[in-house]
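Participant: Got a predicted model here, sequence first, then my questions.
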Amino acid sequence: NAGVTQTPKFQVLKTGQSMTLQCAQDMNHNSMYWYRQDPGMGLRLIYYSASEGTTDKGEVPNGYNVSRLNKREFSLRLESAAPSQTSVYFCASRSGTGNYGYTFGSGTRLTVV
Amino acid sequence: GQQVMQIPQYQHVQEGEDFTTYCNSSTTLSNIQWYKQRPGGHPVFLIQLVKSGEVKKQKRLTFQFGEAKKNSSLHITATQTTDVGTYFCAGGVSGSARQLTFGSGTQLTVLP
């Protein structure tokens, strides 16, 4: 099925642990994004990649790193998890043509204890 | 930086009543998009507006973009239980590689 695939769907980490959230899209989209969603705060941009080989900081990049591995894959890494990073993380991609709407993955629910 | 405010934060309506959510930007937008997120789900793209004063309809949903391109609204006529979810607006600024700033969303509950 065409779309954005995120793994894992759920994760519990201890403070200080590291992990990588994986994201892959099969729609040949140039742009990819990582958002976090917290209650009452909408979607906040962590990092984005306008095209393969480029990445840029968004609104809330502290504590995260990203890698645009190729056109399909965009990963998000937490080097030393903190309870403040407990959130739902969404990956999204966007075509440069057409309706310009974002296609979101199903999300990763991360709890840091 | 750019801010997009959305009101109300919550709205409870009786099935069959109308519903409206409003979005206001601190800066002039080049486009605005609307998304719907069902409980426990992910945001799903509904529509994009780009022209000043533009009005678009999708069945019972009417989307408007303000003349000054700083505000927008989503109106649902005769709500149904399938309309339950959170509706987000997202504003784009021309020349901004970050593309979209999302509002905080309006959570709609439809009582049967």
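Facilitator: Structure received.
Participant: Now the closest residue to B:T77 other than its chain neighbours. Its backbone dihedrals?
Facilitator: Using C-beta to C-beta, 6 or more residues apart in numbering or on different chains and skipping residues adjacent in sequence, the residue nearest B:T77 is B:R60, 4.6 Å away. (C-beta placed from N, C-alpha, C; glycine too.) According to degrees, to the nearest 10, the main-chain angles of B:R60 amount to phi -90, psi 0.
Participant: B:R60: how many residues sit nearby?
Facilitator: 14 (other C-beta atoms under 10 Å in any protein chain shown).
Participant: same check, this time on B:G103
Facilitator: Residues lying near B:G103 (other C-beta under 10 Å) number 26.
Participant: wait, doesn't it sit right on A:L43?
Facilitator: No. In this structure, B:G103 is not within contact of A:L43 by C-beta atoms under 8 Å, at 9.0 Å.
Participant: Quick check: neighbours shared by these two?
Facilitator: Shared between the contact lists of B:G103 and A:L43 (criterion: C-beta atoms under 8 Å, 6 or more residues apart in numbering or on different chains) are residues B:88, B:90.
Participant: Not counting residues beside it along the chain, what's closest to the residue of chain B at minimum distance from chain A?
Facilitator: Ranked by C-beta to the nearest C-beta, the top residue of chain B for proximity to chain A is B:F45, at 3.1 Å. Leaving out its chain neighbours, the residue that sits closest to B:F45 by C-beta to C-beta, 6+ apart is A:G101, at 3.1 Å.
Participant: again, but for A:L13
Facilitator: With C-beta to C-beta, 6+ apart, the residue lying closest to A:L13 is A:A81, at 4.5 Å.
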